[in-house]
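Quick one: sequence plus predicted model below, questions after.
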Amino acid sequence: MIDLYTWSTPNGRKVSIMLEECALPYRVHRIDIGRGDQFTPDYVAISPNSKIPAIVDPDGPKEKGVKGPFTLMESGAILVYLAGKTGKFLPASDAGKYRALEWLMFQMGGVGPMFGQTHHFLRAAKEKVPYAIDRYTKEKDRLYGVLERRLGEVAYLAGEYSIADIATYPWVARFDWHLTNLDDYPNVKRWFLAMANRPAVQRGMAVPG
């Protein structure tokens, strides 16, 4: 059984959605990042960067010179690992695989960081910083435009349902946090509703509960 260390954030929910989609048994460990659980020595031993999520897989690959079960941090790396472990949600063709990885990297390098900064300056900053709000809101809107164009061409980001969609959905699901009206992006909204109707996505979004 895989041990999932997570919290109720978009990055954490990527992995719980993937585990649900793959029907892999897993056990949830709540890492309260508001309380600082991510900095405890036991967790740092699993996730050296002190971020969630992370997994421990006792049935994972063995590393030379490393005792104990296989550990992995970074949500994108975990999605790729679970896709490889199960043969699911990463297209079999070379072109399809690299297209999925392309859009996964788009999420990791663009959607996640920029949406996250938008959330911070709109919701968490101790003072309003108009420059930062304007900067990150404009970039968030630009990224929605990229998604809108892509999803006007294909049903899912890689053409077929993949880890790219699983990675992106939890961030778009916080559209209200970053003050986005999905009616302005009809292709994104169509995709979003299709994702939201998947039972495994619904279950994964409820973790850690």
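Happy to help now that I have it. Not measured: the values here are computed from a predicted model. Residues are numbered from 1 along each chain as shown.

Can you show me the strands along this protein?
Counting by DSSP state E, the chain has these strands, from start to end: 2-6, 26-30, 54-57, 70-73.

quick one: which of those strands is nearest E148?
strand 2-6 (29.6 Å; CB to CB). Heads up, the C-betas are built off the backbone N, CA and C, glycines and all.

and the residue located most distally from the centre of the chain, what pLDDT?
Distance from the C-alpha centroid of the chain peaks at G65, with 30.5 Å (CA atoms, centre = their mean). pLDDT for G65: 82.

give the contact list for I163.
Taking CB atoms under 8 Å, 6 or more residues apart in numbering, we find I163 in contact with M18, L79, V80, A83, F89, L90, A100, L104.

Could you provide the strands of the chain in a markdown table, with additional columns for mean neighbour count and distance to D183?
Formatted as a markdown table, the strands of the chain follow (neighbours: other CB atoms under 10 Å; distance: least, CB to CB, whole Å):
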| stretch | mean neighbour count | distance to D183 |
| --- | --- | --- |
| strand 2-6 | 23 | 31 |
| strand 26-30 | 16 | 35 |
| strand 54-57 | 23 | 37 |
| strand 70-73 | 18 | 37 |
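
Let me know which of the ones you listed is the nearest to P113.
That would be strand 70-73 among those, by CB to CB, at 16.7 Å.

returning to what we had before: just flag the most distant two among the contacts of I163.
Spanning the widest gap among those are M18 and A100, at 12.7 Å by CB to CB.

Okay, buried residues for the lengthiest helix in the chain please.
Of all the segments assigned as helix in the chain under DSSP state H, the longest by residue count is helix 130-151. The neighbour-count check on helix 130-151 (16 or more other CB atoms under 10 Å) flags I133, Y136, T137, E139, K140, D141, L143, Y144, L147, E148, R150, L151 as buried.

That's all I had, so thanks and see you.
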